[in-house]
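# pasting a predicted model and its sequence here:
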Amino acid sequence: MQTILITGCSSGFGLETARLFLDRGWNVVATMRTPREVALPASDRLRVLALDVTDAASIRQAIEAAGPVNVLVNNAGIGWLNALEGTPLDVVREVFETNTFGTMAMTQAVLPQFRERRAGVVVNVTSSVTQKPLHLLSVYTASKAAVNAFTESLALELEPFGVRVRLVIPGRAPETAFGQNARSRMTNGFPEPYADLVQKVFASWQQQPETEVTRPLDVAEAVWRAATDPVCPMSLPAGADAVALSSRSS
């Protein structure tokens, strides 16, 4: 029976991905910084583990507790919205520590077992903001764009060992707690010269249609395809808006 380890499972994409793989008969290791009761069915195929992807000891303990895994999904992430001028460098480092370096650290931790078995899949979840520049997202976009480039190069590096590496690129996801949690960290501290731009950006969000958005299930299905289809494309858009954006840019 196949085992998948997913980071960032407390809500949103990670939680839905864990649910889908459980429903389809996999062993699931669902990880989050602070384990708590989540909306997952009781199952002897489910383990919920503590994991902080920015902490080397936490990564080591989680990998040891998980045992052999077949698929790693790097989904954990934090958001940030502000002008670069209004972003302290310690915040930049925090965003990169989770979104970029956390992804690299988790991947590095599972590679020895994947390489030795000459089998395994790494799925990195990024964002469609890497495909279309948006205001006030320079730091967040950079952290995710770095993962895109990392994934593409790593795929070549690991191909001789039979290890697959894939990207899942979600669009805007108003249903998830990710945006709500991120916005709570972003609502103060905009530089005054950017006030008009911030107002316009927030207004444009409110005008966006709710028909072309990304649902958690869209991402879970894309992760499923990345994990189970050896000939699927390197990059998989997830969600109606991400698919539309990918079509326009191709």
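Arrived safely.
# got the contact list for the host helix or strand of Val122?
Taking DSSP states H and E as the definition, Val122 sits inside strand 120-125. Residues outside strand 120-125 that contact it (C-beta atoms under 8 Å, 6 or more residues apart in numbering) are 13, 69-75, 77, 103, 107, 110, 113-114, 147, 150-151, 154, 158, 162-170, 219, 223, 226-227. The C-beta positions use only the backbone N, C-alpha and C, and glycine is treated the same way.
# filter those to the buried ones?
Among the contacts of strand 120-125, those buried by neighbour count (16 or more other C-beta atoms under 10 Å) are 13, 69-75, 77, 103, 107, 110, 114, 147, 150-151, 154, 158, 163-170, 219, 223, 226-227.
# coming back round to it: send the alpha carbons of the strand holding Val122 over as CSV?
Presented in CSV, the C-alpha positions along strand 120-125 are these (Å, rounded to 0.1, in the frame of the first residue of the first chain):
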residue,chain,number,x,y,z
GLY,A,120,9.3,8.1,-5.3
VAL,A,121,7.4,11.3,-6.2
VAL,A,122,7.9,14.9,-4.9
VAL,A,123,5.0,17.2,-5.5
ASN,A,124,5.6,20.9,-4.8
VAL,A,125,2.5,23.2,-4.5
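# that one: how far from the chain's middle?
Mean C-alpha position of strand 120-125 versus that of the full chain (C-alpha atoms, centre = their mean, to the nearest Å) differs by 10 Å.
# okay, now the sheet partners of the lengthiest strand in the chain, with direction.
Scanning the chain for the strand with the most residues, using DSSP state E, yields strand 163-170. Paired neighbours of strand 163-170 in the sheet (DSSP bridges): strand 120-125 (parallel), strand 235-238 (parallel).
# all helices of this structure, in order?
Per DSSP state H, the chain carries helices over the ranges 12-23, 56-66, 89-96, 102-117, 138-158, 177-184, 195-207, 216-228, 240-249.
# format the ones you listed as a markdown table; extra columns: mean pLDDT and distance to Asn82.
What follows is these, written out as a markdown table (pLDDT from 0 to 100; distance: least, C-beta to C-beta, whole Å):
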| stretch | mean pLDDT | distance to Asn82 |
| --- | --- | --- |
| helix 12-23 | 97 | 22 |
| helix 56-66 | 98 | 28 |
| helix 89-96 | 97 | 8 |
| helix 102-117 | 98 | 21 |
| helix 138-158 | 98 | 8 |
| helix 177-184 | 54 | 11 |
| helix 195-207 | 87 | 9 |
| helix 216-228 | 98 | 25 |
| helix 240-249 | 84 | 23 |
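# out of the ones you listed, the one nearest Pro41 is which?
Taking C-beta to C-beta as the criterion, helix 12-23 is the member of those that comes nearest to Pro41, at 6.3 Å.
# what's the angle between the closest one and strand 120-125?
Compare the direction of helix 12-23 with that of strand 120-125 by axes from the mean of the first three to the mean of the last three C-alpha atoms, to 10 degrees and you get 150 degrees.
# now for helix 12-23, which elements pack on it?
On a contact count with 3 or more C-beta pairs under 8 Å, 6 or more residues apart in numbering; DSSP states H and E, helix 12-23 meets strand 3-6, strand 27-32, helix 177-184, helix 216-228.
# residues touching Arg47, list them.
Counting by C-beta under 8 Å, 6+ apart, Arg47 touches 27-30, 65-66.
# and those, which are buried?
27-30, 66.
# and those residues, which is closest to Val95?
Looking across the buried ones among the contacts of Arg47 and measuring by C-beta to C-beta, the closest to Val95 is Ala30, at 23.3 Å.
# looking at the strands paired with strand 163-170, which is nearest to Tyr194?
strand 120-125 (29.1 Å).
# for the record, mean pLDDT for the closest one?
Confidence for strand 120-125, expressed as mean pLDDT, is 98.
# about what we covered before: could you dump the strands paired with strand 163-170 into a markdown table with mean neighbour count and distance to Arg19 added?
As requested, the strands paired with strand 163-170 are arranged in a markdown table below (neighbours: other C-beta atoms under 10 Å; distance: least, C-beta to C-beta, whole Å):
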| stretch | mean neighbour count | distance to Arg19 |
| --- | --- | --- |
| strand 120-125 | 25 | 16 |
| strand 235-238 | 24 | 15 |
